[in-house]
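Novice: predicted structure and sequence below. I'll ask about it afterward.
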Amino acid sequence: MPDEKSQERDALRRAEILQAALECFLQFGYAKTSLDDIARRANISRPLIYRKFKNKDDIFTAVLEDLFEKRYPRAEQVLASPGTPRDKLLRVYEILLLEPWDELMGAPMAADLYEVCSRLFPQVEAKHVRMQLKLTQAILESKELSEVFMLAVDGLQGDLPATRVLRRRLQLLAERFVP
């Protein structure tokens, strides 16, 4: 049975691999990123990657899940905190949309990350959409209204705007849904 120090080291190594993989995917795109690229960026051997992940698809899925999963508890805290529905909606979307947008969109292959996710890993995207719908519905109270809001948010991103532009668009949209 692994001791606590060993578990911490494994968790740290996994996080380093995921960060290196994200950087490679954003720089080279999914198709052109190799496990050798990720290993070099993480400063580890390729066989060590295979001890943690089955293949590149497994790493990509883990990168996406890591990118979003860590945000859900913070978004759920917003629901429990005081504030108007509009303020909560904006804070939830700040966490779920604007923070990752800001983190990713300056990279050369950022758009590829989202496109590959929806094309090759629809189950990962569907999981994120379900969670986003749950959080949005907790604020707007209507599933149908929440779905329309989310579709509108998707439309706001179509031209890959700067984060400040997307933030302003989101504010305008929220004002229409929660006056």
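Specialist: Ah, there it is.

Novice: quick one, domains of the protein?
Specialist: 4-62, 71-177 (automatic domain parsing).

Novice: now do the helices in this structure.
Specialist: Using DSSP state H, the helices assigned to the chain run over residues 4-28, 35-42, 46-52, 56-69, 72-80, 85-93, 99-104, 110-120, 122-140, 143-156, 163-177.

Novice: which of the helices and strands in this protein ranks last by mean pLDDT?
Specialist: The least trusted helix or strand in the chain, going by mean pLDDT, DSSP states H and E, turns out to be helix 110-120, with a mean of 83.

Novice: so which elements touch that helix?
Specialist: Taking 3 or more CB pairs under 8 Å, 6 or more residues apart in numbering; DSSP states H and E as contact, the helices and strands that helix 110-120 lies on are helix 4-28, helix 56-69, helix 122-140. Backbone N, C-alpha and C define where each C-beta goes, glycine included.

Novice: mind listing what's buried along the last one?
Specialist: By that I understand helix 122-140. 124-125, 128, 131-132, 135-140 (16 or more other CB atoms under 10 Å).

Novice: now the angle from that helix to helix 56-69?
Specialist: Between helix 122-140 and helix 56-69, the angle comes out at 10 degrees (axes from the mean of the first three to the mean of the last three CA atoms, to 10 degrees).

Novice: got the angle for helix 122-140 vs helix 163-177?
Specialist: Computed by the same axes, to 10 degrees, the angle between helix 122-140 and helix 163-177 is 50 degrees.

Novice: mean confidence for helix 122-140?
Specialist: Helix 122-140 carries an average pLDDT of 94.

Novice: can you name every helix or strand that that helix contacts?
Specialist: helix 56-69, helix 72-80, helix 85-93, helix 110-120, helix 143-156.

Novice: just those: most buried one?
Specialist: Highest mean neighbour count among these (mean count of other CB atoms under 10 Å): helix 85-93, with a mean of 20.

Novice: tell me how far Ile38 lies from Phe60.
Specialist: With distances defined as CB to CB, to the nearest Å, the gap from Ile38 to Phe60 amounts to 10 Å.

Novice: I should have written Glu16 there, sorry.
Specialist: For Glu16, the distance to Phe60 equals 16 Å [CB to CB].

Novice: worst average pLDDT in the helices of the chain?
Specialist: Out of the helices of the chain, helix 110-120 stands lowest, with a mean of 83 (criterion: mean pLDDT).

Novice: find residues that contact each of Ile38 and Phe60.
Specialist: Common neighbours of Ile38 and Phe60 are listed as Ala21 (criterion: CB atoms under 8 Å, 6 or more residues apart in numbering).

Novice: that older thread, can I get the helices and strands packed on helix 122-140 in a markdown table with distance to Leu22?
Specialist: Shown next, in a markdown table, are the helices and strands packed on helix 122-140 (distance: least, CB to CB, whole Å):
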| stretch | distance to Leu22 |
| --- | --- |
| helix 56-69 | 5 |
| helix 72-80 | 18 |
| helix 85-93 | 21 |
| helix 110-120 | 8 |
| helix 143-156 | 22 |
